[in-house]
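Student: Have a look; sequence and predicted model below, questions after that.
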Amino acid sequence: MISLFLLFSISYLALILVFILGNLKLRKAKLMQKEIGVSVVIPFRNEERNLSFLIDALLKQTYPKEKVEFVFVNDHSSDEGFDLVKNKMSGSSFQLLSLNQQKGKKAALKMGIESAKNELIITTDADCRMSRNWLKAMLSYYQPGDTHLLLGPVQFVREKGLWNRLLRTEFAALISTTSAAVGIKNAFMANGANLLFNKSLFLSIDRDSLQHNVASGDDVFLLHAIKQKFGKKAKILFAAEPSAMVSTSAPKNLKDFISQRIRWASKSKYYQDGFTKLVGLLIFLGNVNLLFALMLVVAAVLNIELFIIFFVLKWLVDSLLIFSSKAWNNQQLNLLDTFLLSLLYPLYIISIALLSLLFKPKWKGRKLDYFDSKQ
């Protein structure tokens, strides 16, 4: 029993330390030789309120307007979002499309990317906000012929209260892990709210690799498909620049948070990337290990001092992982929040794992069925 506890403890701590080193190895941006055309693709469904903020941010971009096209794709919205886009984008270079028979974010993205006029694509979400230098910062990391996929940083919008602080801290850990994996040249997570790639590459990847039978996961499955296509030659970068940050709304309550995480967890069974599975397993075991160790302490099998040592070490390395991305992550984080997360996370990770097996996730009032790949 104790040997298992030690094995899981050491494995978890070693993994997080490797990720911390990964963040220290991230490439810096290079000066672009020339400004190139880019199409920003935004799928949306019932986002009338958020679209107004997004469009304001997009229209303020400092990147040359003649080089940018915005492609909005309406996924069967029942609000006035379609008309809002048409009115607010008037006078700018944009396309406004609508899905007909197909539905879902993947179908909307595919339509937008196919219709885009430029070879370079950036995707974001309708509930996002960004700085006026966002496009310029993202494109400063893009090197023609040397970038298959560029991952951009994402954060939750800062609001008052402990709930929001904990969510921002936990999400910062996820994004820090995302960037760290790029640093060790084995990316396994991505976020479609801030993603750059070539149109021709996206269209060259077969539907099965992108898991079109799975309603969500457009970002992660694209990353995995690129890794599968190019192997060790895959050129996946991370834009480690504060100006490249995209902010998105945090779940407002526990119900929304659980629904979001069930949606994320439900697609994991379709992952085919070995490193993703290994990391997921080690993180799961590392957190379950705390509860396992606590039971051993209660049963007088494990010395309580050993339990406390592992808990403190885990809390510290988890905190270091978040702070290792401080150079580009402008979130205000503190050790008290990471301590509270360390207490709650083992229960959270087990609960989400179980709930993802029992319930089908919902998004925007629509149950995410895993439909036929020919749809």
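Tutor: Perfect, I can see it now. Numbering: from 1, shown residues only.

Student: how about the strands of this protein, start to end?
Tutor: 38-44, 68-74, 94-98, 120-123, 128-130, 149-151, 154-156, 195-198, 236-238, 246-248, 362-363, 366-367 (DSSP state E).

Student: Please name every helix or strand in contact with the third one.
Tutor: This means strand 94-98. Applying 3 or more C-beta pairs under 8 Å, 6 or more residues apart in numbering; DSSP states H and E, we find strand 94-98 packed against strand 68-74, helix 81-88, helix 105-115. Bear in mind the C-beta positions are built from the backbone N, C-alpha and C, glycine included.

Student: so can I have a markdown table of those showing distance to residue 333 and mean pLDDT?
Tutor: Shown next, in a markdown table, are these (distance: least, C-beta to C-beta, whole Å; pLDDT from 0 to 100):
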| stretch | distance to residue 333 | mean pLDDT |
| --- | --- | --- |
| strand 68-74 | 33 | 98 |
| helix 81-88 | 34 | 96 |
| helix 105-115 | 30 | 94 |
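
Student: For these, give me a markdown table that also has mean neighbour count and distance to residue 254.
Tutor: Below are those laid out as a markdown table (neighbours: other C-beta atoms under 10 Å; distance: least, C-beta to C-beta, whole Å):
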| stretch | mean neighbour count | distance to residue 254 |
| --- | --- | --- |
| strand 68-74 | 23 | 30 |
| helix 81-88 | 17 | 27 |
| helix 105-115 | 21 | 24 |
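
Student: Do you have the helices of the stretch 201-350 of the chain handy? List them.
Tutor: For the stretch 201-350 of the chain, the helices defined by DSSP state H, counting those that start in this stretch occupy 218-230, 254-266, 274-298, 304-323, 335-358.

Student: quick one: which of the strands of the chain is nearest residue 15?
Tutor: Of all those, strand 236-238 sits nearest to residue 15, with 18.3 Å by C-beta to C-beta.

Student: Looking at that closest one now, give me its mean pLDDT.
Tutor: Throughout strand 236-238, pLDDT has a mean value of 96.

Student: Remind me what it packs against, helices and strands.
Tutor: Contacts defined by 3+ C-beta pairs under 8 Å, 6+ apart place strand 236-238 against strand 149-151, helix 162-183, helix 218-230.

Student: what about the shortest one, distance to the chain center?
Tutor: What separates the centre of strand 149-151 from the centre of its chain is 11 Å, taken as C-alpha atoms, centre = their mean, to the nearest Å.

Student: now swap in the longest one and tell me
Tutor: Per C-alpha atoms, centre = their mean, the displacement of helix 162-183 from the mean C-alpha position of its chain is 10 Å.

Student: That one vs helix 304-323, what angle?
Tutor: Between helix 162-183 and helix 304-323, the angle comes out at 80 degrees (axes from the mean of the first three to the mean of the last three C-alpha atoms, to 10 degrees).

Student: buried sites along helix 162-183?
Tutor: Residues of helix 162-183 classed as buried by neighbour count (16 or more other C-beta atoms under 10 Å): 164-173, 175-183.

Student: One more: the last one?
Tutor: When neighbours are counted by 16+ other C-beta under 10 Å, the buried residues of helix 218-230 are found to be 218-227.

Student: Tell me the one among those nearest to residue 195.
Tutor: Nearest to residue 195 among the buried residues of helix 218-230, with distances taken as C-beta to C-beta, is residue 219, at 5.9 Å.

Student: where does the residue lying closest to the closest one once chain neighbours are set aside fall, phi/psi-wise?
Tutor: Closest residue to residue 219 apart from its sequence neighbours, by C-beta to C-beta, 6 or more residues apart in numbering: residue 192 at 3.7 Å. When read as degrees, to the nearest 10, the backbone of residue 192 gives phi -70, psi -10.
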